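Asker: Okay, structure incoming, though there's no sequence with it:
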């Protein structure tokens with residue numbers, strides 16, 4: 001079972017966030033429930049030295065631009081989200097993007113994107129995608145993926161589990177999930193299974209942003225939330241005891257940095273830069289600062305075999 005131990009996060013009450021959400025038009029890309037903490041864990045890329053040999057692998061277009069454009073869905077705290085200033089991306093994925101760019105002699109330009117739109121835009125709008133992408137066969141068909149993290153999946157429900165939910169049977173429940181995620185796909189399969197078994201139907205609540213899923217659960221619209229384990233743990237820490245994890249973490253799987261299949265030079269550069277960060281210890285420092293050191297990997301494997 002993987003655990004999340006926040007190093008610098010302070011739990012806060014969600015009542016004001018929920019009041020704002022109730023008045024929102026739904027167009028705010030920066031909302032994160034309880035996101036009043038500062039980015040004290042943020043990593044300083046100036047501490048990472050450029051590796052000239054690895055930087056020399058970069059395509060000339062990127063090298064001359066001097067920046068690595070990163071697509072990221074910044075609603076998925078603590079991996080990637082918007083800081084309290086309303087504009088600055090922070091999180092362990094953001095810090096890893098900064099460190100990667102530093103090894104390559106570049107600046108990271110982390111741009112907020114809809115999760116489902118990142119992979120189709122790799123190689124055109126974005127150089128890479130770093131946004132908690134679980135590596136699976138479908139994504140490997142679309143892009144190169146460099147392993148850099150491992151996370152499981154988990155459920156969360158209201159504290160005390162007042163509805164006495166059994167994590168082994170979600171039939172009849174209203175389940176919140178972010179669209180385009182692995183959990184979204186798996187929820188569809190659970191919906192179909194309940195129907196095939198003649199049980200009460202699952203009612204899916206699907207949102208474009210994870211912050212909206214968390215708000216739906218805290219507000220009582222959803223009975224259950226389904227997401228990656230670090231995100232579940234963070235949501236629990238940020239909701240002042242309103243939520244709890246239901247059952248154990250399960251289905252641990254690797255996550256990957258997305259690079260275009262048509263850009264082997266950039267793929268090689270990013271893979272070697274990530275391995276450099278792993279070997280130097282900078283990678284582990286970043287994950288430890290965000291309480292996710294137990295999700296560290298030792299090898300930045302390209303397109304690992306997954307089931």
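Answerer: Yep, that arrived. If you're wondering where the values come from, they're calculated on a predicted model, not measured in any experiment.
Asker: Low-confidence regions, the protein specifically.
Answerer: 1-43 (pLDDT under 70).
Asker: I'd say residue 298 and residue 279 touch.
Answerer: No - with contact defined as CB atoms under 8 Å, residue 298 does not reach residue 279; the gap is 9.2 Å. C-beta: built from backbone N, CA, C; applies to glycine.
Asker: Could you check how many residues crowd around residue 284?
Answerer: By the measure other CB atoms under 10 Å, the count of residues near residue 284 is 14.
Asker: swap in residue 66?
Answerer: Other residues near residue 66 come to 11 when the count uses other CB under 10 Å.
Asker: Excluding chain neighbours, what is closest to it?
Answerer: Take residue 66 and drop its neighbours on the chain: the residue closest to it by CB to CB, 6 or more residues apart in numbering is residue 106, 6.0 Å away.
Asker: Skip ahead from the helix ranked longest in the chain and say which helix or strand is next.
Answerer: In the chain, taking DSSP state H as the definition, the longest helix is helix 264-280. Note on helix 264-280: by DSSP states H and E, the next helix or strand toward the C-terminus is helix 282-289.
Asker: Would you mark the buried spots in that following helix?
Answerer: 282-283, 285-289 (16 or more other CB atoms under 10 Å).
Asker: Could you do stretch 249-264 as well?
Answerer: The neighbour-count check on stretch 249-264 (16+ other CB under 10 Å) flags 249, 253-261, 263 as buried.
Asker: What is the burial count for residue 192?
Answerer: Residue 192: 11 surrounding residues under other CB under 10 Å.
Asker: May I ask you to confirm that it belongs to a strand?
Answerer: No - using DSSP: H, G, I helix; E, B strand; the rest coil, the secondary structure at residue 192 is helix, not a strand.
Asker: what about it, distance to residue 183?
Answerer: To residue 183, residue 192 is 15 Å away according to CB to CB, to the nearest Å.
Asker: related to what we said a few turns ago, make TSV out of the buried residues of helix 282-289 and add distance to residue 136.
Answerer: Below are the buried residues of helix 282-289 laid out as TSV (distance: CB to CB, whole Å):
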residue	distance to residue 136
282	28
283	23
285	29
286	25
287	22
288	27
289	28
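Asker: wait, the residue nearest to residue 66 sits on residue 64?
Answerer: No - with contact defined as CB under 8 Å, residue 106 does not count as touching residue 64 (10.5 Å).
Asker: Looking at those two, which has the bigger crowd around it?
Answerer: Taking other CB under 10 Å, residue 106 and residue 64 do not tie; residue 106 has more neighbours (24 against 8).
Asker: for the more buried one, what are its contacts?
Answerer: For residue 106, the contacting residues are 55, 58, 62-63, 65-68, by CB atoms under 8 Å, 6 or more residues apart in numbering.
Asker: What of residue 302?
Answerer: 144-147, 267, 271.
Asker: Which residue would you name as the spatial centre of the chain?
Answerer: residue 132 (3.5 Å; CA atoms, centre = their mean).
Asker: Need the three-state assignment for it.
Answerer: With three-state DSSP as the basis, residue 132 sits in strand.
Asker: In space, what's closest to it - neighbours in sequence excluded?
Answerer: Nearest one to residue 132, counting by CB to CB, 6+ apart, is residue 79 at 4.7 Å.
Asker: where exactly do the strands run in the protein?
Answerer: Secondary structure of the chain (DSSP state E): strands located at 67-72, 75-76, 80-82, 89-90, 107-112, 128-134, 144-158, 174-178, 203-207, 224-228, 243-259.
Asker: List the strands paired with the fifth one, with their directions.
Answerer: In this case it means strand 107-112. strand 67-72 (parallel) (DSSP bridges).
Asker: And the contacts of the strand it pairs with?
Answerer: Outside strand 67-72, the residues touching it (CB under 8 Å, 6+ apart) are 62, 80, 89, 93-94, 97, 100-101, 104, 106-113, 117-118, 121-122, 125-131.
Asker: Pull out the buried residues from these.
Answerer: 62, 80, 89, 93-94, 97, 100-101, 104, 106, 108-110, 112-113, 118, 121-122, 126-131.
Asker: Mind giving me the packing neighbours of the longest helix of the chain?
Answerer: On a contact count with 3 or more CB pairs under 8 Å, 6 or more residues apart in numbering; DSSP states H and E, helix 264-280 meets helix 52-55, helix 92-103, strand 144-158, strand 243-259, helix 282-289.
Asker: between these, which gets nearest to residue 74?
Answerer: With distances scored as CB to CB, the stretch of the helices and strands packed on helix 264-280 nearest to residue 74 is helix 92-103 (8.0 Å).
Asker: residues in contact with that closest one?
Answerer: For helix 92-103, contacts defined as CB under 8 Å, 6+ apart pick out 41-43, 45-46, 48-51, 54-55, 67-68, 70, 72, 78-80, 107-108, 110, 128, 130-132, 148, 257, 270, 273-274, 276-277, 282-283, 286-287, 289-290, 292.
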